[in-house]
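Undergrad: Got a predicted structure plus its sequence, pasted below:
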Amino acid sequence: MLFDKPVNDLTFEDVVQFCQTQQPEGKQLDYKYFLPKNKEKFAKTIASFANALGGTVIIGVNDDKNDKPKAPFTGIPYHEKMRNTIEDIIQTYIDPIVFVDVNTCVSKDGQRMFVVVNIPQSNLTPHLVGKLKRAYIRTGQSSRPEILVHPDKLPWLLDHRKKSERLRHILYDKAESHFENYLKTKNVSSEGRTVAALSLMPLYPEEPLIDFRRLPDLMEYCFQGLPPQEHMALQPVQDGLAAINGARGVHHMAEFNSYGLLMSKWEVSHPVLFNGHEAQAVNFEELAARTVRFFRCAIKFFNKLSFGGPLYFRLKLNNTRGLRALFGKQAATVLEDYLRMDENYNIAQIASSLPDILQNTLQATAWSLGLRIDDKDMRGLTGRLLSASQKDIV
């Protein structure tokens, strides 16, 4: 984690305070006193971050022999066209183009500035640099911060992404199994019940984004405002932490993983009487409320991790065939055996377009459950839930 807020919200003072922490350059951080005159060299730095884990370049900071920021932290003279210059370098020297966030953090007198360039981990690798179309990756080593990937080794870079995809599947499957194992410890079976799972994680996880020992504090931050009756017991798991709640007979688990996995899984169905017979039903508004709170928590989680790369979102409901879906006066019988939706986002998209993302996600979910909710009613529902979820939990 580099900053406690999104890059675009950083101020001149925020960068000064960060430099005072003396964090050295590494795999996801680079200091530059001035924008290099060798534009292709700067493009190499940008592309190497995108080809690896992503990272941040701070322009206006000198570094010492230990690669730590060197005082005084006064930035560089203000230049109103700095953002355009950086964007031109990327468009000219990198193929395919890397999409970055550039924030010019200007001093209060308007005379000095730092430039913070956030480079997300890319799903379009390899990004090639210059006329020779060379690929670089970030190593974090002070002697060789970027290394050239030989053209013969480009398949390795692609395979590196495939290994990350396999890791993503492993992390997801392990988190799912934790919920079933928890039910077994309570001598409870989910057989005949519908279980919902919401998850969000890096599309290409490679290494921990946070020390697992810091997860309790992070979870407490994400859980701020939780009503006392909803408090969840914490249970350590490999590389992560699970929060468990069995209040009112509804079992729920939220898991936070140091690799950037956030999962919320719970029993979503409950018994109702229908035509004189007991049936399992799901209240769509309750499902929607959990989805809203999940995204709210995700924004906090990934901003704290300072991860801006592509994220893999999944909504899944199992054992849905014959389930009664309820919304207001509407009732429908689900014909699908299970529901699953997968999307790719980044946290900036989620934060800036949350109402639209929720509208699309919930509308598709309602339709799959057999419910027909018009756009006006769905907007009203999401608006109410967003207002109510300001201090809620997953």
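TA: Received the coordinates, thanks.
Undergrad: Look up which residues are beta-bridged to Pro202.
TA: For Pro202, the beta-bridge partners are Leu311 (DSSP bridges).
Undergrad: was I right about it contacting Gly308?
TA: No - counting by Cβ atoms under 8 Å, Gly308 is not a contact partner of Pro202; they are 10.3 Å apart. For every residue, glycine as well, the C-beta is placed using N, CA and C.
Undergrad: Tell me how far Arg168 lies from Ser122.
TA: In this view, Arg168 and Ser122 are 16 Å apart by Cβ to Cβ, to the nearest Å.
Undergrad: Name the residue in these two with the higher neighbour count.
TA: Shown here are Arg168 and Ser122; by other Cβ atoms under 10 Å, Ser122 has more neighbours (23 against 20).
Undergrad: Assumed that one was part of a helix.
TA: No - applying DSSP: H, G, I helix; E, B strand; the rest coil, one finds Ser122 to be coil, outside a helix.
Undergrad: Give me the longest helix you can find in the protein.
TA: Longest helix in the chain, counting residues (DSSP state H): helix 154-185.
Undergrad: Pull out the buried residues from that one.
TA: Neighbour-count burial for helix 154-185 flags 157, 160-161, 164, 167-168, 171-172, 174-176, 178-179, 182-183 (criterion: 16 or more other Cβ atoms under 10 Å).
Undergrad: Point me to the residue sitting farthest from the middle of the chain.
TA: Gly276 (45.4 Å; Cα atoms, centre = their mean).
Undergrad: For it, give its distance to Pro69.
TA: 73 Å.
Undergrad: Equivalent analysis for Asn62, please.
TA: 7 Å.
Undergrad: same check, this time on Tyr312
TA: Applying Cβ to Cβ, the value for Tyr312 to Pro69 is 34 Å.
Undergrad: Now do the same contact list for the nearest residue to Pro145 once chain neighbours are set aside.
TA: Once flanking residues are discounted, Pro145 sits nearest to Thr139: 6.2 Å by Cβ to Cβ, 6 or more residues apart in numbering. Thr139 makes contact with 27, 145-147, according to Cβ atoms under 8 Å, 6 or more residues apart in numbering.
Undergrad: And Arg138, by the same measure?
TA: By Cβ under 8 Å, 6+ apart, the neighbours of Arg138 are 27-28, 45, 48-49, 51-53, 55, 145-146.
Undergrad: make it 6 Å
TA: Neighbouring residues of Arg138 by Cβ atoms under 6 Å, 6 or more residues apart in numbering: 27, 48-49, 52, 146.
Undergrad: and if you look at Ala197?
TA: 265, 316.
Undergrad: Which of the helices or strands spans it?
TA: strand 195-202 (DSSP states H and E).
Undergrad: How about Ala348?
TA: Counting by DSSP H and E, Ala348 is found in helix 347-352.
Undergrad: For whichever helix or strand comes after that helix, the averaged confidence score.
TA: Once the chain leaves helix 347-352, the next helix or strand it forms, by DSSP H and E, is helix 354-368. For helix 354-368, mean pLDDT is 96.
Undergrad: Can you pull the poorly scored residue ranges out of the stretch 101-250 of the chain?
TA: Within the stretch 101-250 of the chain, the stretches with pLDDT under 70 are 143, 151-158, 225-231.
Undergrad: again, but for the stretch 251-394 of the chain
TA: For the stretch 251-394 of the chain (pLDDT under 70), the answer is 390-394.
Undergrad: can you give me the strands in it?
TA: Assigned by DSSP state E, counting those that start in this stretch, the stretch 251-394 of the chain shows strands spanning 252-257, 262-267, 270-274, 277-283, 311-317, 324-327, 330-333, 339-345.
Undergrad: Among the ones you listed, single out whichever gets nearest to Asn84.
TA: Across the strands of the stretch 251-394 of the chain, Asn84 has its closest neighbour in strand 339-345 (27.2 Å, Cβ to Cβ).
Undergrad: Need the contact partners of the closest one.
TA: 310-311, 313-317, 320, 368.
Undergrad: got it, and stretch 20-28?
TA: 31, 53, 55, 67-68, 138, 140.
Undergrad: again, 8 Å this time
TA: 2, 29, 31, 49, 52-56, 63, 66-69, 73, 138-140, 142, 145.
Undergrad: Give me the buried entries from the residues you listed.
TA: 2, 29, 31, 49, 52-56, 63, 67, 69, 73, 138, 140, 145.
Undergrad: Farthest-apart pair in those residues, please.
TA: That would be Ala52 and Phe73, which, of the buried ones among the contacts of stretch 20-28, are the farthest apart (Cβ to Cβ) at 26.8 Å.
Undergrad: Do you have the helices of the stretch 1-150 of the chain handy? List them.
TA: 12-20, 39-51, 82-93 (DSSP state H, counting those that start in this stretch).
Undergrad: Ile97 touches Ile89, doesn't it?
TA: No - using Cβ under 8 Å, Ile97 makes no contact with Ile89, being 10.8 Å away.
Undergrad: more crowded one of those two?
TA: Counted by other Cβ under 10 Å, Ile97 and Ile89 do not tie: Ile89 has more neighbours, with 18 against 15.
Undergrad: And the pLDDT at the closest residue to the more buried one other than its chain neighbours?
TA: Leaving aside its sequence neighbours, Ile89 sits nearest to Lys39 (Cβ to Cβ, 6+ apart; 4.9 Å). Turning to Lys39, the model gives it a pLDDT of 95.
Undergrad: can you count the residues close to Lys39?
TA: Neighbour tally, Lys39, other Cβ under 10 Å: 17.
Undergrad: which SS class is Leu218?
TA: Quick answer, by three-state DSSP: Leu218 is helix.
Undergrad: sorry, back to before: can you pull the residues that touch both of Pro202 and Gly308?
TA: Joint contacts of Pro202 and Gly308 (Cβ under 8 Å, 6+ apart) are Gln121.
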